[in-house]
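let me see the structure of the following:
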Amino acid sequence: MVKSPQRTTRAAPGLAALMAMVALALGAPAAAQAPSPADARAHFERGVRHASDGAWADALAAFERSYALAPRARTLFNVAVALDHLERGEACVDALERLLSRDDVDHDDRAEAEALRERWRARLAATRPAIRAEPEGVRLRALDRATVRLIALRGAELVGARDASLPTVVPRAAHGSAVLVGEGWALTARHVVEGADRLVALLPGETRAVAARVAWLDRERDLAFVRLSEPAEAALALAPPPTLVLGQAIEASGYPLDAAERWPNASAGHVGRPLNDGRVQLSIALNPGNSGGPVVADGRLLGIVSQGGDPGRGVQGVVVMEPIGPVVEVLASLMASAAPSPELDPSDEVLVELVGAAGAPAAARRVARLRLAAAAPAADARGALWALEAEALRRAILAEAAVRLATSLAPDTRALYDEASALASRFATDVAADASLRGRYEALTGLAAPVRRGDWECGLGGVCVQRLEPVAPGRGLPFDLTLALGLAADDRQGASFVEGGTFSVLTLAQLGNWGMLDPARFNVIVGGEVSVGSWRSELLLDGLADLGVRLSLGAPDDVAITMTLVYTPGVVFAESRWSFAYLGYRAMIALDVRDRFGVGLSWRELGRGAGDTQRSLELYVSFGIGP
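Down below sits the predicted model:
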């Protein structure tokens, strides 16, 4: 059983600040505040009452609802205070980061928020496992300490998905390397960062994201400068490189293959030859992920890894280096321009987690930060990251519970799953509405506007089941109106011959649904039919009941093959007399489009007793009617 952490006594100034905030929020004139919906204010006041009573969980829920309706800075501050009292430090820091990024926070509230944020940062740092400055048993060189990872987001893609309506959506992200060359500045290859919607850096040994922004791209050379949100403790001097000598020993550092590896990989080789375009070919074995990393000789920075050989073409142990000489002066001008440092956004941490470079927090914590993000949606790729995070959380909940279907989850876990699904759809809808993002994040379409599946539940790998639930009062059952026309054959005392035709009108309703592996659907069918035709060259009229089963292979919103078998007892008028037919059945197979239109063949037997049976083969069309 999970227990709440023990409460600690708080200093009076913090409580006084909260009370002052409440008084200002409730007593300020209407003209001093932006107008907000009445229900948002009601939720806010309810949160204040819960806070006064010490019911901080209820207060948090009320403040979050108020903020979702009217995202005011004071309300977000109250969210952070409630999270603080609930000992939810990481969520509190997230809320405070969002608050401090706003321009409408007054001086006193900002000071209180910064103090609370720093206090929680210190507490969290004390409880997290310490990351060593160097790996155990291995000493890093200055070159390695200055080599960082870069992760670039360029869209979303489907992986292992069976169709777009059941997506397994992951970020289209790539990682490379860079070298620190000044306080808050890094040099990398242009192709590593060009076209990135979001960019983050990770320092050696770290799993904590550092915000990064492309500050300058060389359009002629594969070089770029990146501005970081934090100053670097270790950097290599960016100075004109010395003259190279063929065969000269060189060293390289970078993060090949796996972005989750926290320490750079060291490689050694030699100068191969100069190329006609001014780049230098190296004889060294490097791998994807090394791009953008530094190449040095005798501790001096020579260039940046630009391109490796293609093993598919038999090229191995050959790498192209972009010399740094032409851009040495560029850094000085960039630093002189006093370009602002980028600010770390909570979605940057999400990007690091999604690519596996850092562990994800618990599901409840992830849902909490998704709620905060949804309260103040971002009109850029950050929204796409939150959609990807919500989808990843949905799959993680199933994986952690070791189930494939949401119907197998415990009620509290199912609530988290449903909320993650709803948030994924909300964020993805916003992304789909942005023309500048829609193309690169087309894979999110299945989350933004999922194909309607009624009460279907979909899990990992695209496996779905359908639940049987009672039909709500007043809601009509979906049914088919079928028109059939065919030829009839009579069977009397062993002799069969074609004797005429039949025209039938059927209505078949789906009484219930039973789950099977997607895309199979198994339905109980009830209905009725009337037919007109001939029996032994005389008028035939019948009214029959239909009771049977239907198996559909295909999604209800797509093309499906349907097979129906029904028992058809009823009343028959033939040969100028009425009789009861109890030995009848109908077998049908059709190609059905979106459960709305079908074309197929039907085989019907209508029997009044032994040796007294009519058989008919009919071509039919059906029209789906109902919900």
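
show me what contacts residue 587?
By CB atoms under 8 Å, 6 or more residues apart in numbering, the contact list for residue 587 reads 563, 564, 565, 602, 603, 604. All C-beta spots, glycine's among them, are computed from the backbone N, C-alpha and C.

one more: residue 68?
371, 374, 375 are the contacts of residue 68 under CB under 8 Å, 6+ apart.

tell me which of those fall in strands.
Judged by DSSP state E, strands contain none of these.

list only buried entries from those.
Neighbour counting with 16 or more other CB atoms under 10 Å marks 371, 374, 375 as buried within the contacts of residue 68.

from those, which shows the smallest pLDDT?
Scanning those for pLDDT, the low point is residue 375. It has 83.

so that one touches residue 71, yeah?
Yes: counting by CB atoms under 8 Å, residue 71 is a contact partner of residue 375 at 5.5 Å.

what are the ranges of the strands in the stretch 101-250 of the chain?
Assigned by DSSP state E, counting those that start in this stretch, the stretch 101-250 of the chain shows strands spanning 147-158, 169-182, 185-188, 198-202, 210-217, 224-228, 249-254.

returning to that earlier point: would you convert the buried ones among the contacts of residue 68 into a markdown table that also reports distance to residue 283?
What follows is those, written out as a markdown table (distance: CB to CB, whole Å):
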| residue | distance to residue 283 |
| --- | --- |
| 371 | 54 |
| 374 | 53 |
| 375 | 55 |
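
coming back round to it: okay, the strands of the stretch 101-250 of the chain, which one's buried deepest?
Stretch with highest mean neighbour count among the strands of the stretch 101-250 of the chain: strand 185-188 (a mean of 27; mean count of other CB atoms under 10 Å).

how about JSON lines for the strands of the stretch 101-250 of the chain, with distance to residue 320 and mean pLDDT added?
Below are the strands of the stretch 101-250 of the chain laid out as JSON lines (distance: least, CB to CB, whole Å; pLDDT from 0 to 100):
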{"stretch": "strand 147-158", "distance to residue 320": "18", "mean pLDDT": "94"}
{"stretch": "strand 169-182", "distance to residue 320": "15", "mean pLDDT": "93"}
{"stretch": "strand 185-188", "distance to residue 320": "15", "mean pLDDT": "96"}
{"stretch": "strand 198-202", "distance to residue 320": "23", "mean pLDDT": "95"}
{"stretch": "strand 210-217", "distance to residue 320": "18", "mean pLDDT": "94"}
{"stretch": "strand 224-228", "distance to residue 320": "16", "mean pLDDT": "95"}
{"stretch": "strand 249-254", "distance to residue 320": "12", "mean pLDDT": "96"}
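
nearest to residue 285, of those strands?
With respect to residue 285, and counting by CB to CB, the nearest of the strands of the stretch 101-250 of the chain is strand 249-254 at 9.6 Å.

helix or strand right after the closest one?
Per DSSP states H and E, strand 249-254 leads on to strand 265-274 as the next helix or strand towards the C-terminus.

which other helices and strands contact the helix or strand that that next one is followed by?
Downstream of strand 265-274, the first helix or strand assigned by DSSP H and E is strand 280-283. If you count contacts as 3 or more CB pairs under 8 Å, 6 or more residues apart in numbering; DSSP states H and E, strand 280-283 packs onto strand 265-274, strand 318-323.

any low-confidence regions in the stretch 51-200 of the chain?
Residues of the stretch 51-200 of the chain meeting the criterion pLDDT under 70: 125-133, 160-167.

tell me which of the helices and strands packed on strand 280-283 is the most buried.
strand 318-323 (a mean of 22).

and that one with strand 265-274, angle?
Between strand 318-323 and strand 265-274, the angle comes out at 80 degrees (axes from the mean of the first three to the mean of the last three CA atoms, to 10 degrees).

I'd like the average pLDDT over stretch 559-568.
Averaged across stretch 559-568, pLDDT comes to 89.

okay, buried residues for it please.
So, applying 16+ other CB under 10 Å, buried residues of stretch 559-568: 560, 562, 564, 566, 568.

off-centre distance for it?
37 Å (CA atoms, centre = their mean, to the nearest Å).

neighbouring contacts of it?
Applying CB under 8 Å, 6+ apart, the set of residues contacting stretch 559-568 is 508, 519, 521, 525, 527, 529, 544-554, 581, 584-595, 598, 600, 604, 606.

please apply the same query to stretch 265-278.
141, 143-144, 221, 244-256, 280-286, 290, 317-320, 323.

can you pull the contacts of residue 171?
153, 155, 156, 157, 351, 354, 355, 385, 388.

of those, closest to residue 58?
Distances from residue 58 to the contacts of residue 171, taken by CB to CB, are shortest for residue 385, at 30.5 Å.

and the closest one, which of the three is it?
helix (DSSP: H, G, I helix; E, B strand; the rest coil).

surely residue 66 forms part of a helix?
Yes: assignment of residue 66 by three-state DSSP places it within a helix.

and it, what does it touch?
So residue 66 contacts 40, 41, 43, 44, 47, 75 (CB under 8 Å, 6+ apart).

looking at it, residue 178 is touching residue 185, isn't it?
No: applying CB under 8 Å as the test, residue 178 and residue 185 come out as separate, 9.7 Å apart.

so for the two, which residues contact both of them?
residue 226.

circling back: quick one: the contacts of residue 171 as CSV, columns for distance to residue 619 too.
As requested, the contacts of residue 171 are exported to CSV (distance: CB to CB, whole Å):
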residue, distance to residue 619
153, 55
155, 48
156, 46
157, 44
351, 57
354, 53
355, 56
385, 54
388, 49
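
for residue 485, state which of those residues is nearest.
Checking the contacts of residue 171 one by one against residue 485 (CB to CB), the nearest turns out to be residue 157, at 49.0 Å.

what comes into contact with the host helix or strand of residue 352?
Assessed by DSSP H and E, residue 352 sits inside helix 346-354. Helix 346-354 has contacts (CB under 8 Å, 6+ apart) with 94, 97-98, 151, 153, 170-171, 173, 198, 200, 202, 207-209, 211, 358-360, 369, 372-373, 378, 382, 385-386, 388-389, 392.

mind redoing it with 7 Å?
Defining contact as CB atoms under 7 Å, 6 or more residues apart in numbering, one finds that helix 346-354 is touched by 94, 97-98, 151, 153, 171, 173, 198, 200, 202, 207, 209, 211, 358, 360, 369, 373, 382, 385-386, 388-389, 392.

circling back: ok, which of the helices and strands packed on strand 280-283 comes nearest residue 400?
Using CB to CB, these put strand 265-274 closest to residue 400, at 32.1 Å.

which strands border the closest one, and is each parallel or antiparallel?
Strand 265-274 has the following strand partners under DSSP bridges: strand 249-254 (antiparallel), strand 280-283 (antiparallel).

of those strands, which is nearest residue 435?
Closest among the strands paired with strand 265-274, using CB to CB: strand 249-254, at 36.4 Å.

chain center to the closest one: distance?
Worked out by CA atoms, centre = their mean, strand 249-254 lies 38 Å from the chain centre.

residue 290 belongs to a helix?
No: read with three-state DSSP, residue 290 is coil and lies in no helix.

now it. Nearest residue, chain neighbours left out?
residue 254 (3.6 Å; CB to CB, 6 or more residues apart in numbering).

thought residue 304 was touching the one you found, still the case?
No: counting by CB atoms under 7 Å, residue 254 does not reach residue 304; the two are 10.0 Å apart.

I'd like to know how far residue 66 sits from residue 111.
Computed as CB to CB, to the nearest Å, the residue 66 to residue 111 distance reads 23 Å.

can you give me the pLDDT of the closest residue to residue 247 other than its chain neighbours?
Spatial nearest neighbour of residue 247, excluding adjacent residues (CB to CB, 6+ apart): residue 270 at 5.3 Å. We have a pLDDT of 96 for residue 270.

going forward, begin numbering at 57 instead of 1
Taking 57 as the first residue, the last one we looked at is residue 326.

any idea what residue 326 is bridged to?
If you apply DSSP bridges, the partners that residue 326 bridges to are residue 305, residue 339.

and for residue 629?
Beta-bridge partners, per DSSP bridges, of residue 629: residue 597, residue 634.
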